[in-house]
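Chemist: One predicted model, sequence on top.
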Amino acid sequence: MNFIKCKTILSSFPRLNQHIRAKKWYPDSEFFEQFSGPVVYPDDITKWWKTPPYNPIKLPKERKIVNMVINFGPAHPAAHGCLRLLTELDGEIVKRLDPHIGLLHRGTEKLIEYKTYMQAMPYFDRLDYLSCMPNEHAYVLAVEKLLGIEVPRRAQYIRVLFSELTRLMNHLAATAFLTLDVGAITPLFWFFEEREKLYEICERACGARMHAGYFRVGGVSQV
């Protein structure tokens, strides 16, 4: 019954495609008179207000938006990985970032100017002591490329193996510090326990836990 009733009601409306035979309407002066004053719900007072004339000579007031600049860091000089960031904020959105690096600059390039290729090796361990062997790896590869030295395949495997072990130690430390920053102290000891196992492998191979000095030009150290 409801369907038949709705169908009857719909049939009483004119068809949408039915041609409307009416004269085309154009806006006249009477139509525009209603927009001569305030048009947003005028009351008894505002309906008598007049629209101010537009003055093209008097330009609207320009506003200058000044974003906030916040200095992030640097950390204490005794801390590792010091970094200073000058951040330009628009509310909570960072519009511009100016990183200042080199706060732990030790003059490494100047120091190794008076050293031989092998004497300069320990300096590269100090650039990032959490992942020292990849720094050594990059240095010896550069020296070997300059001198045209071909490294045995066994030494290549050992280098890659210990570079990856050092990379794992770096990532374990980074994750441990991250969990400590968010307030979880227990995972810090878990991660450091796993790092100790990797440090023992490095110590048995080259005799040092950190600042290994294991890589050599042409291979690795024979301990």
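Modeler: Perfect, I can see it now.
Chemist: Please make it C-alpha for all contacts and neighbour counts, starting now.
Modeler: OK.
Chemist: Check the offset of the top helix by length along the chain from the chain's centre.
Modeler: Longest helix in the chain, counting residues (DSSP state H): helix 153-181. Between the centre of helix 153-181 and the centre of its chain there are 23 Å (Cα atoms, centre = their mean, to the nearest Å).
Chemist: List the buried residues of it.
Modeler: Buried residues in helix 153-181, counted by 16 or more other Cα atoms under 10 Å: 155, 159, 162-163, 165-170, 172-173, 176-177.
Chemist: What mean pLDDT does it get?
Modeler: Helix 153-181 shows a mean pLDDT of 91.
Chemist: And the helices in the protein?
Modeler: Assignment of helices within the chain using DSSP H yields the ranges 2-12, 29-33, 108-111, 121-125, 132-147, 153-181, 186-206.
Chemist: In TSV, list those along with distance to residue 84.
Modeler: Shown next, in TSV, are these (distance: least, Cα to Cα, whole Å):
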stretch	distance to residue 84
helix 2-12	72
helix 29-33	62
helix 108-111	21
helix 121-125	23
helix 132-147	23
helix 153-181	18
helix 186-206	25
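Chemist: picking that back up, out of the buried residues of helix 153-181, flag the one nearest to residue 219.
Modeler: residue 155 (5.1 Å; Cα to Cα).
Chemist: Can you tell me, leaving aside adjacent residues, what's nearest to that closest one?
Modeler: The shortest distance from residue 155 to any non-neighbouring residue, by Cα to Cα, 6 or more residues apart in numbering, is to residue 219 (5.1 Å).
Chemist: Please determine how far the one you found is located from residue 59.
Modeler: Applying Cα to Cα, to the nearest Å, the value for residue 219 to residue 59 is 74 Å.
Chemist: who has more neighbours, those two?
Modeler: Per other Cα atoms under 10 Å, whichever of residue 219 and residue 59 has more neighbours is residue 219, with 20 against 8.
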